[in-house]
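Colleague: Pasting the sequence and the predicted model now:
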Amino acid sequence: KYTVNGMEKSMDVAPYIKNSRTYMPVRYVAEALGVSSDNIIWDADSQSVTLIKGSTIAQMTIGSPQMKVNGTTIYMDAAPEITSDRTMLPLRFIAQALGASVHWDDATQTATLK
């Protein structure tokens, strides 16, 4: 479960922590940050996802630690992966690429995006 503006929502795949990074399904992260469903684009051939929010375009490829934001390459210390037929992204990197700040509460294992 996750909460957006006080409304609780459900995911069909649970987030998880791997190598100190929180992974969440791309669709839920993107929609929570204001990306419309039409602007979440999966390319099965290249195993890549493109997110468009306003003038920001973020592109990631499964297994690659490189993310492109408006054409500029950013190196992540974790790569997107597929788990349970879902594209899972390192939460912090995608949130920051889309203009959000991230706060992690270790005691409750909760990430808050603003």
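Modeller: All right, it came through fine. Predicted model only: the values in this text are computed from it and were never measured. Residues are numbered from 1 along each chain as shown.

Colleague: Check which residues of the one helix or strand in the chain whose mean pLDDT sits lowest are buried.
Modeller: Least confident helix or strand, the chain: strand 2-4 with a mean of 82, by mean pLDDT, DSSP states H and E. For strand 2-4, the neighbour count (16 or more other C-beta atoms under 10 Å) marks Tyr2 as buried. In short, each C-beta sits where N, CA and C put it, glycine included.

Colleague: contacts for that strand?
Modeller: Outside of strand 2-4, the residues within contact range by C-beta atoms under 8 Å, 6 or more residues apart in numbering are 8-9, 11, 24, 28, 31-32.

Colleague: between the residues you listed, which is nearest Ala78?
Modeller: Met24 (12.0 Å; C-beta to C-beta).

Colleague: which ones are touching the nearest residue to the closest one once chain neighbours are set aside?
Modeller: Distances taken as C-beta to C-beta, 6 or more residues apart in numbering place Pro15 nearest to Met24, at 4.4 Å, with adjacent residues excluded. Counting by C-beta under 8 Å, 6+ apart, Pro15 touches 22-25, 91.

Colleague: sorry, back to before: each with direction, which strands does the least confident helix or strand of the chain pair with?
Modeller: strand 7-9 (antiparallel) (DSSP bridges).

Colleague: sorry, back to before: just the ones of the contacts of Pro15 in strands?
Modeller: Judged by DSSP state E, strands contain the following of the contacts of Pro15: 22-25.

Colleague: thought Val35 was touching Leu98?
Modeller: Yes. Counting by C-beta atoms under 8 Å, Val35 does reach Leu98; the two are 6.9 Å apart.

Colleague: what number of residues lie near the residue lying closest to Ile40 once chain neighbours are set aside?
Modeller: Closest residue in space to Ile40, ignoring its immediate chain neighbours: Ala30 at 5.1 Å, by C-beta to C-beta, 6+ apart. By the criterion of other C-beta atoms under 10 Å, Ala30 has 24 neighbours.
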